[in-house]
Structure formats: C-alpha cells, structure tokens
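>>> Kindly return the folded structure for what I paste below:
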Amino acid sequence: MNEQLQKAVSFALEAGYQIDKTAFDFLEMLSKTEDPIALMEKAIKKIEPLTQKPLFIDRPFLEELAKEEILKKPEETEPTLTPPIAEPKPTYESRKLPFQAYAKEVQADMTVIEDPTREICTKGCVEDYLEYFRDRFRRLQKLLRQRIDAKDATTISEALKSPNNSKIKIIAMITERRESKQRIFLKVEDYEASATVLVPQNLSQEVLEKTKMLLLDQVVCIVAIKGRNDLFIMEDILFPEVPQKTPHKAPEPVYAALTSDLHVGSKLFIREYFNRFLLWLNGKLGTPQQREIASHVKYVVIAGDIVDGIGIYPSQVKELAIRDAYEQYKAASKFLEQIPDYIELVIIPGNHDASRKALPQPALPKNYAEPIYEAREVQSLGNPCTISLHGVELLLYHGRSLDDIIANASNVSLKTPNKAMKILLQCRHLAPIYGQRTPIAPEKRDYMVIERVPDVFQTGHVHVQKTDLYRGIVMVNSGTWQGRTIYQAKMGLEPTPGLVPVVNLQTLQATSLDFSKGEVG
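A predicted model of the protein is given here:
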C-alpha cells in the first residue's frame, strides 16, 4: 500500500467509517493518477451532515463523488487541474533500478532558424494585402523555377501572344475553379494578366489525379496548348514540390518527444494520461525498453494549444473547467514544470492559445502565459517556425490550415492528417487557401512559404496522431491530450489522446508511445 492510499484509509477509520473491499480497490486504482486523501476528505465531508450515516463506504459512493469532481460546474471549480502526480504501483522489476538519463549528460544543441515573432508588422490596409500576395507569388515562382522542367516557363502575357496550338508553360496562381459538364475550368493569373485553363477529361490518370489536388490561391506551373483567345488547354501541371532529400542526422542518439494540443482548462483534458507521460519522462514508468527511450529524450516540443482558451468554438463554455485564460496557463505551468530540467522545452502557439489568431502567430505573450515562463526555462517561438536540433531541421506548425485542406482536397479526411501534410509540402506552402477557415495576416512577407526543406515536419490541431514519410521528410501529426468535445462529435472527429511520437534524431526513426493505458503502450 502506498503512503497516500494508507493515509486515505486511516483518515476514514479515524472518522469512524469502514471501507469495503470494492471501495478499497477503487481507491487503490485512483491513487495511481489522483490524490486519494483529497477524495476521502470530500467523502467524509459529504457523509457527516447525513442523519443516517453508513457503516461502510462503498465503491458506488466513491465513484459518484469522483465523477462529480470531474464534471462539476465551472463556477464551482477551483482554478487548478494539477494535483501532485502519484507514482503508480511498480509492476516491472526494472523500476527498482536507478534511472540514468543519457540526455542529462548531453549538452543542448538548438538553433532558431526562422521565427516570425519579431518580424510581424502588418497594418491590415489594402496595400498590405497586395504586397502579401505579390510576395507569395514571387517566392513560389522562384521555387518552381528551381525545377528543371519549369525553368522555361513564361508569363501569361507572353503565352497569350503565342500562336494557336503551340505548347506553352506558365507559372500562375489559381484564383477560380469551375466545373461544368464534366469539364474543369481554372481561372489563373500572374502579376500582369489572367487567363482560362481547360482541364480536358482525356488526360492521363496521373495528371487527372494531380488536378484533383488543385487548391485556390495555389501557385503552380501549367503545361498547356494555346487555344483561342485567352484559353489554354492543360496537358500537365507541376507543383513547387519538395525535392527528394537526404536528411540531416544528429551525431549522437538524442530524442525529441513531439506533442501538442494539451487543452489545459478543458474538462476534457485527460490529466491522467499526461501525468503518465511526465512519470515516463522522469524514468518512473514503463518497461526497461521504454525507460531507455525516456533516458535519451533531450527535447519536448509542444506544437500549440497548450490551453483550451476562451470562446474558441460553439458551446465551449459548457466544457471549460477554468474560464480564465491566465489561470489556464497557471494550471498548465504546474504540469510543464515537472518535465526534467535537463530536457529543453520548445513551445509554439495554436489557435486556442492567447496569441493573435491570424497566421503567422507570434510567441505566447507574457501577460497571459507568464506562469509558464516563470515555471521553468522554455524556448517560446512563433507559429510557424524552423529550428535545428543537433543539426536536424524541424518545421513546427500548429496546423490550422489542415482543416481547409481536408475540406477541399480529395481522398483526405480528419483520420488522415498525414495526407493533408503531404499536400502542404507539395504546395511548398503551409496555408495555400486564403479566406476560408484559416485567418492569414497580410504581412509584407509570406512566412507560410516552405522555402527550407525540413528533415522533420510537425503539426497538431486535428487531434489524430499520425506519422509518415514523404521524400525523406518525417511527417508527424502529434495528436492530443483532450477527449472528444461536442463540436468534434458533430464534425465526426474521433481523437487519439495520449499518443506521443518520439523521434530519434540520430536515425530519424519515430516511435509512438501510448499513455492512454495503465502502462505505457
């Protein structure tokens, strides 16, 4: 019997009450993730006013009381979600061995390559929007011209002067898409002119599949035949695309745990799962092999939505345990300070955080997230950003635009965020569609263009953990620590909470650990 459980039982006996076996079993199970003393104090407090007091405290009574504590109204909730984490009962002999953290002896090697935080300067005027789209076009045009098969592309104006039936290549932005009688018409434009592109149905299956991926505001190279007036007849389409690459690798076996979407402050934040993650990082949970992985973790990266925020989605207030943003970050800090101090913590904001909602987002402001900055040393960056860990480049992006990709691209769903991530890499842009669910600020520079090809591409947002590989790039959507919300149920989204991908920076192999179970899965 652990010390907390023993004190809880003693407290009940001293108050004059017995605990039956089923209640004891429940209390023992609860003590792995919750404070059994606090629950027993509340139980005695509830029994005392009763005229007919029970001789035995049974399991249904404790279960109901525990349920009330989790689901009680927000206004009755104390502004914290963080009891001290309780060490679970050891079931592996290896836990009796001292935990020797390899990463503790390794010096951190982190460089910030791109961070928009100090560069944001938009005023939101019409000229800013024009400059933003010009910059987007300019940067993506440059990337397209790095392709051998797009070097000879010309402007729309020059292509319009070509003789009918001649073959042309143009780099253009797609501004409109219309489908009529099984034919697709695209409206495209560049700096000087616009034209119409017909997508015929007799194209090869490969090209037709590429046309299904076309998105509004995307910049592409179109291979076509010159038709009458301003009409081009498509033959092929070329994306900016990431090239096949040989990734950088760390010279030593240090790992990065990639996570996101804690949503602290929500009633649906599953603190039991996150407590297990913290225990694992501290070497107190898992098989010998899993504890060996923990010993190599030098970095924990949180890709946004540290807290649940306020007024983010319909009916959110019904699901909030903490209704104040500052208090949400205060609660989050109690968890994050339990990450071992030799581990470097990197965080970026998401759409639920107290940063501006439009992309790019600056780092979390200190007037809201001050408790996190005070709790421990943290590298707080903007969204998106690029960092280097022991020479391995990571592109960190919360992933708000994944919603737009899933809604507009074929064969992509909430269950397959990896497919949406692949499209972003092919577009070389993190938010190619303008004006839908993803707010984008008209900065003079488009920070969403993927100019550097990363070794690891991390997103979150959709709450479904997926790991994939594309052209040598490790793609990780890092899942969540929140249960299914009412809004997600209406959307048909089934989250995968408690899963954490851990990347070995020396081999770029990713291992997914499951903290939704009593033991690490």
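>>> Every contact and neighbour count from this point should use C-alpha atoms.
Noted.
>>> C-alpha coordinates for the lengthiest helix in the chain, CSV please?
Secondary structure of the chain per DSSP state H: the longest helix is helix 126-144. Extracted in CSV, the C-alpha atoms of helix 126-144 (Å, rounded to 0.1, in the frame of the first residue of the first chain):
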residue,chain,number,x,y,z
VAL,A,126,-5.3,47.2,-48.9
GLU,A,127,-1.6,47.8,-49.9
ASP,A,128,-0.6,45.1,-47.3
TYR,A,129,-2.8,42.5,-49.0
LEU,A,130,-1.5,43.3,-52.4
GLU,A,131,2.1,43.1,-51.2
TYR,A,132,1.4,39.9,-49.4
PHE,A,133,0.1,38.1,-52.5
ARG,A,134,2.9,39.6,-54.6
ASP,A,135,5.4,38.2,-52.1
ARG,A,136,3.7,34.8,-52.1
PHE,A,137,3.8,34.6,-55.9
ARG,A,138,7.4,35.8,-56.1
ARG,A,139,8.7,33.2,-53.6
LEU,A,140,6.7,30.3,-55.0
GLN,A,141,7.7,31.3,-58.6
LYS,A,142,11.3,31.2,-57.5
LEU,A,143,10.8,27.7,-56.1
LEU,A,144,9.1,26.5,-59.2
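>>> Please compute how far that helix lies from its chain's middle.
Centre-to-centre, helix 126-144 and its host chain are 27 Å apart (C-alpha atoms, centre = their mean, to the nearest Å).
>>> cool, stretch 344-362 as well?
11 Å.
>>> start at 792 instead
Noted, 792 is the first residue going forward, which turns the last one into stretch 1135-1153.
>>> Mind listing what's buried along the lengthiest strand in the chain?
Scanning the chain for the strand with the most residues, using DSSP state E, yields strand 958-971. Neighbour counts over strand 958-971 (16 or more other C-alpha atoms under 10 Å) mark 958-966 as buried.
>>> ok, of these, which one's closest to T908?
Using C-alpha to C-alpha, M964 comes nearest to T908 of the buried residues of strand 958-971, at 27.8 Å.
>>> The closest one touches L1006, doesn't it?
No - contact criterion C-alpha atoms under 8 Å: M964 and L1006 do not qualify, at 9.6 Å.
>>> on that earlier part again, does the longest helix of the chain pack against any helices or strands, and if so which?
strand 958-971, strand 1010-1017 (3 or more C-alpha pairs under 8 Å, 6 or more residues apart in numbering; DSSP states H and E).
>>> could I get those strands as TSV with mean pLDDT?
Formatted as TSV, the helices and strands packed on helix 917-935 follow (pLDDT from 0 to 100):
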stretch	mean pLDDT
strand 958-971	93
strand 1010-1017	96
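>>> didn't G1173 look like it was pressed against P1151?
Yes - using C-alpha under 8 Å, G1173 is in contact with P1151, at 7.2 Å.
>>> Could you name every residue contacting both of those two?
The contact sets of G1173 and P1151 overlap at P907 (C-alpha atoms under 8 Å, 6 or more residues apart in numbering).
>>> where does I962 sit relative to K942, distance-wise?
Distance of I962 to K942, given as C-alpha to C-alpha, to the nearest Å: 10 Å.
>>> So, low pLDDT: which residues of this structure?
By pLDDT under 70, the low-scoring segments of the chain are 792, 805, 807, 823-824, 846, 858-888, 1312.
>>> With adjacent residues omitted, what lies nearest to A806?
I835 (7.5 Å; C-alpha to C-alpha, 6 or more residues apart in numbering).
>>> give me phi/psi at that neighbour?
When read as degrees, to the nearest 10, the backbone of I835 gives phi -60, psi -40.
>>> Which residue ranges make up each domain of the protein?
794-862, 905-910+1035-1305, 917-1029 (automatic domain parsing).
>>> Give the other helices and strands that the longest strand of the chain contacts.
helix 917-935, helix 947-951, strand 974-980, strand 1010-1017.
>>> got a list of contacts for it?
928, 932, 935, 941, 943-947, 950, 975-981, 1006-1017.
>>> Need the residues touching each of M964 and L1006.
With C-alpha under 8 Å, 6+ apart as the test, M964 and L1006 reach no residue in common.
>>> coming back round to it: indicate which one of the domains of the chain is closest to V1311.
domain 905-910+1035-1305 (5.5 Å).
>>> Kindly check the end-to-end length of the closest one for me.
End-to-end span of domain 905-910+1035-1305 (C-alpha to C-alpha): 31 Å.
>>> Also stretch 902-918?
Across stretch 902-918, first to last residue, C-alpha to C-alpha, it's 34 Å.
>>> got a list of contacts for it?
Against stretch 902-918 from outside (C-alpha under 8 Å, 6+ apart): 919, 1151-1154, 1172-1180, 1232-1235, 1238.
>>> which residue ranges form the strands in the stretch 1142-1291 of the chain?
Under the criterion DSSP state E, counting those that start in this stretch, the stretch 1142-1291 of the chain contains strands at 1170-1171, 1176-1180, 1183-1187, 1247-1250, 1256-1261, 1264-1269, 1290-1295.
>>> Could you do the stretch 792-941 of the chain as well?
Using DSSP E, counting those that start in this stretch, strands in the stretch 792-941 of the chain cover 809-810, 847-848, 901-905.
>>> who wins for proximity to I1264 among those?
With C-alpha to C-alpha as the measure, strand 901-905 is the member of the strands of the stretch 792-941 of the chain nearest I1264 (17.6 Å).
>>> What strands flank that closest one, and is each parallel or antiparallel?
With DSSP bridges as the test, strand 901-905 is paired with strand 1176-1180 (antiparallel).
>>> Centre of the chain to the strand it pairs with, how far?
The answer for strand 1176-1180 is 16 Å, by C-alpha atoms, centre = their mean.
>>> quick one: contacts for the residue nearest the centre of the chain?
With distances taken as C-alpha atoms, centre = their mean, G1251 lies nearest the centre of the chain, 1.5 Å away. Neighbouring residues of G1251 by C-alpha under 8 Å, 6+ apart: 1050-1052, 1094-1095, 1188-1190, 1268-1271.
>>> Just send the residues you listed back as JSON lines, with distance to D1132 too.
Formatted as JSON lines, these follow (distance: C-alpha to C-alpha, whole Å):
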{"residue": "T1050", "distance to D1132": "18"}
{"residue": "S1051", "distance to D1132": "19"}
{"residue": "D1052", "distance to D1132": "22"}
{"residue": "A1094", "distance to D1132": "19"}
{"residue": "G1095", "distance to D1132": "21"}
{"residue": "Y1188", "distance to D1132": "25"}
{"residue": "H1189", "distance to D1132": "25"}
{"residue": "G1190", "distance to D1132": "28"}
{"residue": "N1268", "distance to D1132": "25"}
{"residue": "S1269", "distance to D1132": "22"}
{"residue": "G1270", "distance to D1132": "24"}
{"residue": "T1271", "distance to D1132": "23"}
